[in-house]
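A.B. asks: Got a predicted structure here, sequence first:
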Amino acid sequence: MEVIISVSGNGFYVYDDQLNQTQVSDSILLKFAGFCDADNDDFPEIIYEVKEGSRYYLTARNILDSVVFKLPLVKNNESYSIADKENNGKVDILLNSNGYLNNIELVENSKIWSWEGELGNLKINGMFMQPAFYKSNDTVYWSDNISIPDTFEIPAGATVIVKPGTHVYAKEGAEFIVFGKLIAKGTEFHPINFTANIMGAGKSHWGGITAKTNGIVQLEYCQIENAVVGLFLYSSKPANVENNTFKNNRVGLCAYASSPRIIENYFTQNSISIACQASSRPYLVGGTFSNVPYYNGIINNDTAIAMYNSIPSIKNGHNDIYNDTLGIYLIFINDSPLNKLNISSNYYGSSDTNAVKSHLYPSSNFIIIPLLNSAQTNFKNLTASGPEELLGIAYTLQHEQQYESAIQVFEQLIQTFPESNEALFSITGEFECFREGGLSWSEFIVNMDNMLQDTVINTSLEKYASEYKNLALRIDGQFLEAIRNYEALLKNPVSYYDSLYAIINLSNALIESGRYKSTTIPEGIDLSLRANDVSHIIRTKELLFSKLKDKSGRLKKEGCVKIERVYPNPTNSSFTTEYTTRHEGITIIELYSSSGIKVLSKQVNNKPGQNMYYVDNSITAISFLKPGIYLLKVTNNNLFDSQRIIIY
């Protein structure tokens, strides 16, 4: 979608989706008339008035800056209407000239401009932001971008349903008051946003959402930010407030003579997260016996819960209520209860009772034992960066074996954050999804090709994409293309390690394909390497390009020991190898560098069948090894199996 701006005396300016600017029309523009497809080519033309000499013309010009028609006018500053008034498939341009109505009929099958998606995808009459609206005693639906320019009320009998992904922008000080019904239910990946309109007159707080006595507000997966009171439940009916985020508000949620159920919400960077007043009893735990955890994350706020003549239900809630530094967790503003408030079985950032009590006021009015000693929610992860969040979502989907969904998230991460380290992990993750899910390798190869054709990706991402593409080609049996790719890299090396890895990969591809010859001249490889590395690379080359030795002795007992998988791979720390053996006894786990140096050797007792060995970097110090390709070797009963592992 382009943005087109007309400027009298300067012409038209067209801005694409990257806000790149192009000037495409006459500098003597007088008046903008509208849009239509004047020549039936499925592209709209800009209709406008110009003056040439002493004459005035109505001109149609397309986005390529070509004139489609130019019609003379009696005078300037006409009034226009563009429509097919006769419904005959021809656009009519109606002109009001000094009280006389004139008509210009365009060519057969010309089209008026449409907002329904035929020639564009703008909605709501082409407005970028629509003012908030309702219908009396009826239901309306909000979508896209909604503006609250001033105090807005939903009257009794009216219902507003907000669709997932909608952004609601409120002007500074504007309030959103509900006497009727507001249903705003987003989804995990398409939340609904209520926030201050930073494009408006001010960048400060807006009023927030207020549910009056008989008003109904149902919020799920909403993000409420920059409000005086994000959600104010004023003497309203009990309701669920579930899976929402309250951020950077003066008060996140205020219950006034109300008892909402607060379930799995995230409160952060608020002055006060939850305020309860006038005998309110907000529930942060459920069940008849207060034994159903509600798992709220109330993290890094000035004050978590402030109580004004009210007592929340929080015992056994398994909520996370803590700050990284200072801050108040719970505070009685005025009267304290006669009996101590039991707030046990929640996590307060520490297992030290004195440390927790220092955040409670007055501390003597609370029962905190037993304390939970670890976080109960994953809301702390929400403070992670965008790439980290997407990577976590993708890995979760992969773990749940939703491979195609995981691949989509990995691809989204790569496209959105190509410069991040997480993009590199995404290529590995995507590869593993195709492998574990038994998906078509041709699709993975196409994905890597598309990435390699993108000019904005960095060198590291390009190398990862190229390496995993070639590996997929080999798995798919397309050895010839993979071999050619490795040979091309050897003929035009970028660095010593690129050449080294290409030799290793080329040799493995040749072995896998059953071929033992390469079109690359091995002697020529040495010329591209640093002098002090030549001896090493020559020895590596001799080993890799030598003819395979007879392995008949091993093949007769194939399956005596077999590495099933090594994960994670690549790794920069610990890894696990799963292997199967035919015999009980001692298994030797060894790790060799590409130059043949043994960097790890362990003996373990194994049982027949599947076994597992965990390599801990704190014990083996593999985190201090140089990045590169290593060979993991598992030996049992004088027979072995091996697999490559990449350490970065």
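C.D. replies: Now that the structure is in, tell me what you want to look at. Numbers count the residues shown, from 1 in each chain.
A.B. asks: How much space separates the residue nearest to Trp142 when sequence neighbours are not counted from Tyr134?
C.D. replies: Nearest non-adjacent residue to Trp142, counting by Cβ to Cβ, 6 or more residues apart in numbering: Val162, 4.7 Å away. C-beta coordinates here come from the backbone N, C-alpha and C atoms, glycine included. For Val162, the distance to Tyr134 (Cβ to Cβ, to the nearest Å) stands at 12 Å.
A.B. asks: who has more neighbours, these two?
C.D. replies: Ranked by neighbour count (other Cβ atoms under 10 Å), Val162 and Tyr134 place Val162 first, with 23 against 19.
A.B. asks: Nearest the middle, which residue of the protein would you pick?
C.D. replies: Ranked by distance to the mean C-alpha position of the chain (Cα atoms, centre = their mean), the top residue is Leu390 at 4.5 Å.
A.B. asks: before we move on, could you check phi and psi at it?
C.D. replies: phi -60, psi -40 (degrees, to the nearest 10).
A.B. asks: Is it in contact with Glu411, as I believe?
C.D. replies: No: between Leu390 and Glu411 there is no contact under Cβ atoms under 8 Å: 10.2 Å.
A.B. asks: Let's see the pLDDT reported for Val456.
C.D. replies: pLDDT, Val456: 56.
A.B. asks: ugh, typo on my part, it should be Tyr266
C.D. replies: On the pLDDT scale, Tyr266 gets 95.
A.B. asks: swap in the one 3 residues further on?
C.D. replies: If you check Gln269, the pLDDT there is 91.
A.B. asks: continuing past the helix or strand of the chain with the lowest mean pLDDT, what's the next helix or strand?
C.D. replies: Sorting the helices and strands of the chain by mean pLDDT, DSSP states H and E puts helix 552-555 at the bottom, at a mean of 36. Using DSSP states H and E, the next helix or strand after helix 552-555 towards the C-terminus is strand 561-567.
A.B. asks: For that following strand, enumerate the helices and strands it packs against.
C.D. replies: Strand 561-567 sits against strand 575-581, strand 628-636, strand 639-647, with contacts defined as 3 or more Cβ pairs under 8 Å, 6 or more residues apart in numbering; DSSP states H and E.
A.B. asks: which other helices and strands contact the first one?
C.D. replies: This points to strand 575-581. Under the contact rule (3+ Cβ pairs under 8 Å, 6+ apart), strand 575-581 is packed against strand 561-567, strand 585-592, strand 609-615, strand 628-636, strand 639-647.
A.B. asks: if we go to 6 Å?
C.D. replies: Under the contact criterion of 3 or more Cβ pairs under 6 Å, 6 or more residues apart in numbering; DSSP states H and E, strand 575-581 touches strand 561-567, strand 609-615.
A.B. asks: Over to the second one?
C.D. replies: Other elements packing on strand 628-636 under the criterion 3+ Cβ pairs under 6 Å, 6+ apart are strand 561-567, strand 585-592, strand 639-647.
A.B. asks: hmm, try it at 10 Å
C.D. replies: Secondary-structure packing of strand 628-636 (3 or more Cβ pairs under 10 Å, 6 or more residues apart in numbering; DSSP states H and E): helix 496-513, strand 561-567, strand 575-581, strand 585-592, strand 598-606, strand 609-615, strand 639-647.
A.B. asks: quick one: strands adjacent to that strand?
C.D. replies: Its sheet considered, strand 628-636 pairs with strand 585-592 (antiparallel), strand 639-647 (antiparallel) by DSSP bridges.
A.B. asks: before we move on, the earlier item: so for Val162 and Tyr134, which residues contact both of them?
C.D. replies: Here Val162 and Tyr134 share the contacting residues Val140, Trp142, Leu182, scored by Cβ atoms under 10 Å, 6 or more residues apart in numbering.
A.B. asks: Kindly compare burial across the strands paired with strand 628-636 and name the winner.
C.D. replies: Each of the strands paired with strand 628-636 was scored by mean neighbour count; the highest is strand 639-647, a mean of 18, by mean count of other Cβ atoms under 10 Å.
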